[in-house]
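*Asks:* mind folding the following:
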Amino acid sequence: MVLEERDLWEVVSGEIKAEQCVTALDQATFKRKSRKAMAVICLAMEDSQLPLVRSASGAFDAWSKLVDHFENKSLANKLFLRRRFFTTIMEEGDDVLSHINKLKTLAEQLEAAGAPVCEDDLVITLLGSLSDSYQFLITALESRSDTLSWELVTSRLLHEEMKRKEHGGGVDGATQGQAFVTRDNQGNKHLIGNNKYLELLSCAQVAVVKDAPRHAQD
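*Replies:* Numbers count the residues shown, from 1 in each chain. Presented below is the predicted three-dimensional model:
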């Protein structure tokens, strides 16, 4: 722990309190350590979490507020966190890394609340929460014979997003596959119009599929 490494944990944990410091030197040392500990705590937090400690009088008070917030082991808190975890959905165009981090953070909060999530549930929930344009990748992962680990799935997702940004440029690239399906389905409902699927076909097959709507109209 960083706080222990920097000799600040005793101030944060309450092992040493301000009223126990009798001499002026001890009081000055305590205040200096408390300020340093507070800085370490705040720097380790997300911007959205800073309001939790904004009113804290010192490092010990800040740490206590965080413990109360994140390690509340009540049934209501567990239900709230589990509901958020299992209902989190990635909207089309959302950043993949942000979505992964959101689920991981919720899993860590559940573990701190005494309701840990196993890796299988973490992977299943992640795959089930992805937007429709990732369906082909989900199918490919599900067809693997080996166990799907969190590291494997997240690395494949990040790699897929990187390829989409390179080829399609961000949000538009992520939704190109869906647009293709919609256009083809209107006139040729038997065709599979996923761009990623077409990449697996031979050049001749791709040509046939792309020409199919034109021939159908003729």
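*Asks:* which residues touch D95?
*Replies:* By C-beta atoms under 8 Å, 6 or more residues apart in numbering, the residues touching D95 are E161. Placement of C-beta: from N, CA and C, glycine included.
*Asks:* and it, its phi and psi?
*Replies:* phi -70, psi 130 (degrees, to the nearest 10).
*Asks:* ditto for R54
*Replies:* Dihedral angles (degrees, to the nearest 10) for R54: phi -60, psi -30.
*Asks:* what of P116?
*Replies:* Dihedral angles (degrees, to the nearest 10) for P116: phi -60, psi 150.
*Asks:* begin at 53, not 1, for the rest of this chat.
*Replies:* Let's use 53 as the start, then, which means that last one is P168.
*Asks:* what about it, neighbour count?
*Replies:* 12 (other C-beta atoms under 10 Å).
*Asks:* what's the answer for K88, then?
*Replies:* For K88, the count of nearby residues is 16 (other C-beta under 10 Å).
*Asks:* for it, which non-adjacent residue is spatially closest?
*Replies:* Closest residue to K88 apart from its sequence neighbours, by C-beta to C-beta, 6 or more residues apart in numbering: L60 at 5.9 Å.
*Asks:* same check on E212?
*Replies:* L189 (5.4 Å).
*Asks:* check which helix or strand covers the one you found.
*Replies:* helix 187-194 (DSSP states H and E).
*Asks:* and the pLDDT for the residue nearest to E212?
*Replies:* With respect to pLDDT, L189 scores 91.
*Asks:* can you pull the poorly scored residue ranges out of the protein?
*Replies:* 53, 123-125, 221-270 (pLDDT under 70).
*Asks:* can you do 80?
*Replies:* Along the chain, segments meeting pLDDT under 80 span 53, 121-126, 197, 220-270.
*Asks:* I'd guessed the residue nearest to E212 sits against H211; true?
*Replies:* No - with contact defined as C-beta atoms under 8 Å, L189 does not count as touching H211 (9.5 Å).
*Asks:* more neighbours, those two?
*Replies:* Just comparing L189 and H211: by other C-beta under 10 Å the higher neighbour count belongs to L189, 18 against 12.
*Asks:* residues in contact with the nearest residue to L118 once chain neighbours are set aside?
*Replies:* Distance criterion C-beta to C-beta, 6+ apart; nearest residue to L118, sequence neighbours excluded, is L104 at 6.3 Å. Listed by C-beta under 8 Å, 6+ apart, the contact set of L104 reads M97, K117, L118, H121.
*Asks:* restricted to helices, list those.
*Replies:* K117, L118, H121 (DSSP state H).
*Asks:* for ChimeraX, write a command that selects the buried ones of these.
*Replies:* The ChimeraX command for the buried members of the ones in helices among the contacts of L104 (criterion: 16 or more other C-beta atoms under 10 Å) is given here:
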select :118
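*Asks:* show me where the protein has its helices.
*Replies:* 54-57, 61-65, 76-95, 111-122, 127-139, 148-164, 171-181, 187-194, 202-220, 223-226, 228-239, 247-250, 255-269.
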